[in-house]
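Participant: Predicted model follows, preceded by the sequence.
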Amino acid sequence: MNGENKAMIEARNDKVAKMQGILNTAKKEARGLTAEEKTQFDALEAEVKGIDDTIERADKVAANYIKKAPETATPAQAGDVEDKEAYKIREAKERKEFANTLRRFVNATDTPTTKTDAAVMIPTTVWDHIITQVEDICPIYAWADKFNIKGNFVIPVDNDEGTLTVDWAEEFTDLVSGSVKLTPIELKGYLAGVLAKISRSLINNTDFDIVGYVEAKIARKIAKFIEKQFLYGTKDKAEGLSKIGEDMTVTTAAATAITPDELMDVQDLVPDQYQPNARWIMHRATRNVIRKFKDKEGDYMLNRDLTAKWGYMLLGKEVYTSNNMEKIAAGKTVIFYGDFSGLAAKLVESGQIQPLYEKYATQHALGLVAWLEFDCKIADREKIAQLKMKTA
């Protein structure tokens, strides 16, 4: 999405929010819209339709009328995005070849020690589809600061403990020098295997989109795995959010109950400059508890919102629920809040796939293992806070 479209969409959503606000006011007061409110609502609706029409026309122009970069253009001249026509041709070719590879796996007559058992690379276009689906299923990965670098590498992070200063100065007077202390954040190349089981009948059916099916299967497996790693990590592997410090932690007064004030305390731990992109993450059961909270005026703290991606807003911020989050229980971390670009993540966007002939042979299925490198940890500790239940 280009910057112009993004700005228009944000303006559109702002107007939709105002429309929703007009309706909410009338509902709260158990009355119909006043003449003035109807006029405001109709004007906002007309503006929303106008923006939608403009975006649609802009997309149409971009898709049908903008000239393609010449074939002799350098990558810098042509831009980072591959020519759409060339990409589509390569995509069709790679998907067909990958489908044929899967069918060769099923129909292989070689012994398990021959080359047909060796891992093969997942085509780039297929991997693109997998990663896109992973981002859709696991938005935490989409929010994180991502790196696609093989092996171990270090990210230098300013820890604000240096002596570099900004001060008033006079002409012909030397400035006092200082230093910046950097805390290295190392992302490692932890190997992960994703196992998917595919029906041999489906693979052999030439009318079935077996590549799309495999993409979806692998994407769901990867998303479920990495989301859990983002949230709680694994000892001696990916840390995820498990290393949030005490300064960014609110511990509840009760072992099995949350109060509205504690939610406000968690939100207030994140500095104002990081609030615009902040969100809540919790289990659905936790959200259900919070749905019953009311303020002093008797209004619910958790509100249904048509403009929110997941349908709810808490203290002005979107609420994302994950089954990988812990439910309310003594000693558990049950809520994360903040700007999750404070997470650094590495998922090497190229993978290998290897067939398992014997493992599911009695089920008339083929096992497929996709291999990838992954790691994640906090890179900016001020961006993310957590709510932890008191230990019983």
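Facilitator: Done, it's in. Numbering: from 1, shown residues only.
Participant: State the helix or strand in which residue 38 lies.
Facilitator: In this structure, residue 38 sits in helix 35-64 according to DSSP states H and E.
Participant: before we move on, what about residue 185?
Facilitator: Using DSSP H and E, residue 185 falls within strand 182-187.
Participant: which strands and helices sit next to the next helix or strand after that strand?
Facilitator: Moving toward the C-terminus from strand 182-187, the next helix or strand (DSSP H and E) is strand 190-199. Judged by 3 or more C-beta pairs under 8 Å, 6 or more residues apart in numbering; DSSP states H and E, strand 190-199 is in contact with helix 210-232, strand 365-378. No exception for glycine: its C-beta is placed from N, CA and C like everyone else's.
Participant: any idea which of the ones you listed scores lowest on pLDDT?
Facilitator: When those are ranked by mean pLDDT, strand 365-378 comes last with a mean of 87.
Participant: So for that strand, what gets flagged as buried?
Facilitator: For strand 365-378, the buried set under the neighbour-count rule, 16 or more other C-beta atoms under 10 Å, comprises 365-378.
Participant: can you list those in a markdown table and add distance to residue 135?
Facilitator: Converted to a markdown table, the buried residues of strand 365-378 look like this (distance: C-beta to C-beta, whole Å):
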| residue | distance to residue 135 |
| --- | --- |
| 365 | 28 |
| 366 | 27 |
| 367 | 26 |
| 368 | 21 |
| 369 | 22 |
| 370 | 17 |
| 371 | 20 |
| 372 | 15 |
| 373 | 17 |
| 374 | 14 |
| 375 | 17 |
| 376 | 14 |
| 377 | 19 |
| 378 | 20 |
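Participant: quick one on the thing from earlier: return the distance of the helix holding residue 38 from the chain's centre.
Facilitator: Mean-position distance between helix 35-64 and its chain equals 28 Å (C-alpha atoms, centre = their mean, to the nearest Å).
Participant: I'd like the next helix or strand past the least confident helix or strand in the chain by mean pLDDT.
Facilitator: One helix or strand of the chain scores below all others by mean pLDDT, DSSP states H and E: helix 75-78, with a mean of 38. Going down the chain from helix 75-78, the next helix or strand is helix 84-107, by DSSP H and E.
Participant: And for that next one, what's in contact with it?
Facilitator: 68, 82, 116, 120, 122-126, 198, 200, 203-204, 210-211, 214, 355, 357, 366, 368 (C-beta atoms under 8 Å, 6 or more residues apart in numbering).
Participant: Generate a ChimeraX selection restricted to the buried entries among those residues.
Facilitator: ChimeraX command restricting those to the buried ones, with burial defined by 16+ other C-beta under 10 Å:
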select :82,116,122,123,125,126,198,200,203,210,211,214,355,357,366,368
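Participant: who touches residue 368 in this structure?
Facilitator: For residue 368, the contact set (C-beta under 8 Å, 6+ apart) comprises 102, 105, 195, 196, 197, 198, 214, 218, 353, 354, 355, 356.
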